[in-house]
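A.B. asks: I would like to see how this sequence folds:
(chains A and B)
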Amino acid sequence: MFARAWSRLVAAWRRVEAGHDEVFVARWRQGLRREARRQEDTMRALVMLESLGVDNPVAYETLELIPHLVGELHEWHQRMGQETFGDPGVCC
Amino acid sequence: MPAIVIVLVVAVLFFFGYRYYSAYLARKVYAVDPAFVTPAHSMQDGVDFVPTNKHVLFGHHFTSIAGAAPIVGPAIAVFWGWGPALLWVVAGTIFAAGVHDFGALAVSVRHQARSIGTLASEVINRRARTLFLLIIFFLLTLVNAVFAVVIANLFVANPEAVLPILLQIPLAIGIGQYIYRTRSAALVPTLIGVVLLYLSIGLGQLWPISISGITAEDGFFTDRNVWVILLFLYTFFASRIPVWVLLQPRDYINSHQLFIALGVILLGVAVGMDRIVAPLVNDTPEGSPNWFPLLFVTIACGAISGFHSLVSSGTTSKQLDKETDARYIGYFGAVGEGSLALGAILACTAGVVASRADWKGLYSDFGAASDNATANFVEGIGNFAGNLGVPGAIGATFAAIVVISFAATTMDTGVRLQRYIVQEIAEIAGARRLSRSITFGSLVAVLLPLVMALLPGGGEDGFTFGVL
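C.D. replies: Numbering: from 1, shown residues only, chains lettered A, B, ... in the order given. Down below sits the predicted model:
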């Protein structure tokens, strides 16, 4: 019974946090998202240096980061103005 | 008359204004349509265009339009008596500000949520846009100069507020970084931040910061002028760093302070039952400026402000879920701003001193009124906070922090906007190299208001810009 009351309390607190975020943080969503995108794009460019024809001295290390970028590939190529990725089986 | 009576009467008038007049505007003038697909839906991108719950969007809109302006204007304008100031705030909010804010939002939503400047170019012609830019340019120059003077005066009058304001900068940066990097909910860090900010009031009392040791008693390098120079130096650099590092998290703390300050005013007035000691209409001394037309210029935000159209058509219109929500967000946002102006009037007429003779001393002439306006507001809020059991000195520092934080954020935003405007005007004028230079834009944005703020006052009466 105590555990149930506790989990209800936690759920109620999460709702309060989410409501507060909506009112006070969502206003800054645009600026934060833009900055996050800028940093992600820089990261993506660094990881893909070799595909751009630039020597990447740490290619061995950045290679293992590629799988982490696949999840956002679809959003990225659409943002770059390409509706479909073009290479079947990759993302769309 | 007890101030709470005024609060209740104005609340009823605002209610009628919202209930009936805004309904009339929505039906007959703007003809808002619940079936209209707003740009937030038709152009949804998850960043700029996001359909947002109307209460949430109201919160965004209100905290964007409310700042130091609806405090400073009414604090000066009560010089002509509380009657004219209150009448203009109430009538202006109901018949002008609400109509304007609601209208700007409705018009922008009908035109793919474009900003008012772009709309002016499309609906009228390109020259209208250039004119619009020039008006904003001069307006921003005035705003930046006014707020630098306001902050400098408050720093001189309240050296206890300087340290908390300085500490607010790393505090805001820390909170912003924490929320951004951990992607955690903001409630707990914010509460901690606001509590730390108010705890720093104690440090401010212990170590008040005054620069009188390095300044001159009179001449050019007075305390006020040196503070003005330091403020513009700070703004020159602050306005160049990315928005999300300092401006956003500090404004984020400010939006909490706004609600805390409004709560202190309303509760303080209700608990203390302070009476208005200022005259209904003040018999102003010989040589004072006439209330017409100066009253309507002195109180802009809080009665009507064209700046609200920039917010309405800038970010709010891109997030409007239904066109019918424009009435609640636009009109009610103006009502919220009017309430803040009402709070400023009450603080300067009921909170600041206990007798009419003392009040007459504070507002002896227009020079004194404009010189002491924000100090009077700070004193009044300190007394309202005192009604709630907060010691007077701490309450006054709290109020000074609220006004200074609002004014500092407005200055930061103002200089940024001014920079864009300078670059845009340079582009229209064909000066491409200048239009691409951030340093040139920032220099113009800082130097013009700096010179204006440092100009000496208007002779013996001293009520021109320099001694606000």
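
A.B. asks: only C-alpha atoms for contact and neighbour calcs from this point on.
C.D. replies: OK.

A.B. asks: Distance-wise, check the most centrally placed residue in chain A relative to chain B.
C.D. replies: The centroid of chain A falls nearest to residue A:72 when counting by CA atoms, centre = their mean (6.1 Å). Using CA to the nearest CA, to the nearest Å, we find residue A:72 at a distance of 14 Å from chain B.

A.B. asks: roughly how far apart are that residue and residue B:146?
C.D. replies: According to CA to CA, to the nearest Å, residue A:72 stands 47 Å off from residue B:146.

A.B. asks: Could you do residue A:35 as well?
C.D. replies: Counting by CA to CA, the gap from residue A:35 to residue B:146 is 32 Å.

A.B. asks: neighbour-wise, which of these two wins?
C.D. replies: Using other CA atoms under 10 Å in any protein chain shown as the criterion, residue A:35 and residue B:146 rank with residue B:146 on top: 24 against 16.

A.B. asks: how about the nearest residue to the more buried one, chain neighbours excluded?
C.D. replies: Distances taken as CA to CA, 6 or more residues apart in numbering or on different chains put residue B:453 closest to residue B:146, at 7.0 Å, once the chain neighbours are dropped.

A.B. asks: list the contacts for residue B:413?
C.D. replies: By CA atoms under 8 Å, 6 or more residues apart in numbering or on different chains, the contact list for residue B:413 reads B:239, B:247.

A.B. asks: and the longest helix anywhere in chain B, average pLDDT?
C.D. replies: Criterion DSSP state H: the longest helix present in chain B is helix B:392-428. For helix B:392-428, mean pLDDT is 88.

A.B. asks: For the following helix or strand past that helix, which outside residues touch it?
C.D. replies: Proceeding N to C from helix B:392-428, the next assigned helix or strand is helix B:432-435, under DSSP states H and E. Residues outside helix B:432-435 that contact it (CA under 8 Å, 6+ apart) are B:422, B:423, B:424, B:425, B:426, B:427, B:440, B:441.

A.B. asks: go again using 7 Å as the cut-off
C.D. replies: B:423, B:424, B:426, B:427, B:440 (CA atoms under 7 Å, 6 or more residues apart in numbering or on different chains).

A.B. asks: Neighbours of the residue lying closest to the first one once chain neighbours are set aside, how many?
C.D. replies: Spatially, and ignoring its direct neighbours in sequence, residue B:423 is nearest to residue B:435 (4.2 Å; CA to CA, 6+ apart). If you count neighbours by other CA under 10 Å, residue B:435 ends up with 21.

A.B. asks: Which pLDDT value belongs to residue B:435?
C.D. replies: Model confidence at residue B:435, given as pLDDT, is 85.

A.B. asks: if we can go back for a sec, mind putting the contacts of helix B:432-435 into CSV with neighbour count and distance to residue B:15?
C.D. replies: Shown next, in CSV, are the contacts of helix B:432-435 (neighbours: other CA atoms under 10 Å in any protein chain shown; distance: CA to CA, whole Å):
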residue, neighbour count, distance to residue B:15
B:423, 24, 43
B:424, 20, 42
B:426, 18, 46
B:427, 15, 46
B:440, 16, 48
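
A.B. asks: Return the residues of chain A in contact with chain B.
C.D. replies: Applying CA under 7 Å from any CA of the partner chain, one finds that chain A approaches chain B through A:17, A:20-24, A:27-33.

A.B. asks: Using TSV, lay out these together with pLDDT.
C.D. replies: Shown next, in TSV, are those (pLDDT from 0 to 100):
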residue	pLDDT
A:17	91
A:20	87
A:21	85
A:22	82
A:23	80
A:24	77
A:27	73
A:28	76
A:29	76
A:30	77
A:31	78
A:32	79
A:33	81
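
A.B. asks: List the ones among the residues you listed that fall in helices.
C.D. replies: Among these, DSSP H puts A:17, A:20, A:29, A:30, A:31, A:32, A:33 in helices.

A.B. asks: Next, the contact list for the first one, please.
C.D. replies: Looking back up the chat, that one is residue A:17. Residue A:17 touches B:185, B:187, counting by CA under 7 Å, 6+ apart.

A.B. asks: How many residues are close by residue 83?
C.D. replies: No chain was given, so I picked chain A. Using other CA under 10 Å, residue A:83 has 12 neighbouring residues.

A.B. asks: that's the other chain; I wanted chain B
C.D. replies: By other CA under 10 Å, the residues close to residue B:83 number 16.

A.B. asks: which ones are touching it?
C.D. replies: Contacts for residue B:83 (CA under 7 Å, 6+ apart) come out as B:280, B:281.

A.B. asks: Distance check, residue B:430 against residue B:306.
C.D. replies: 28 Å.

A.B. asks: In terms of neighbours, single out the busier of those two.
C.D. replies: Neighbours were counted for residue B:430 and for residue B:306 using other CA under 10 Å; residue B:306 has more, 14 against 11.

A.B. asks: Not counting its neighbours along the chain, what's nearest the more buried one?
C.D. replies: Closest residue in space to residue B:306, ignoring its immediate chain neighbours: residue B:100 at 7.9 Å, by CA to CA, 6+ apart.

A.B. asks: can I assume residue B:331 is in contact with residue B:95?
C.D. replies: No - at 10.0 Å, residue B:331 does not count as touching residue B:95 under the criterion of CA atoms under 7 Å.
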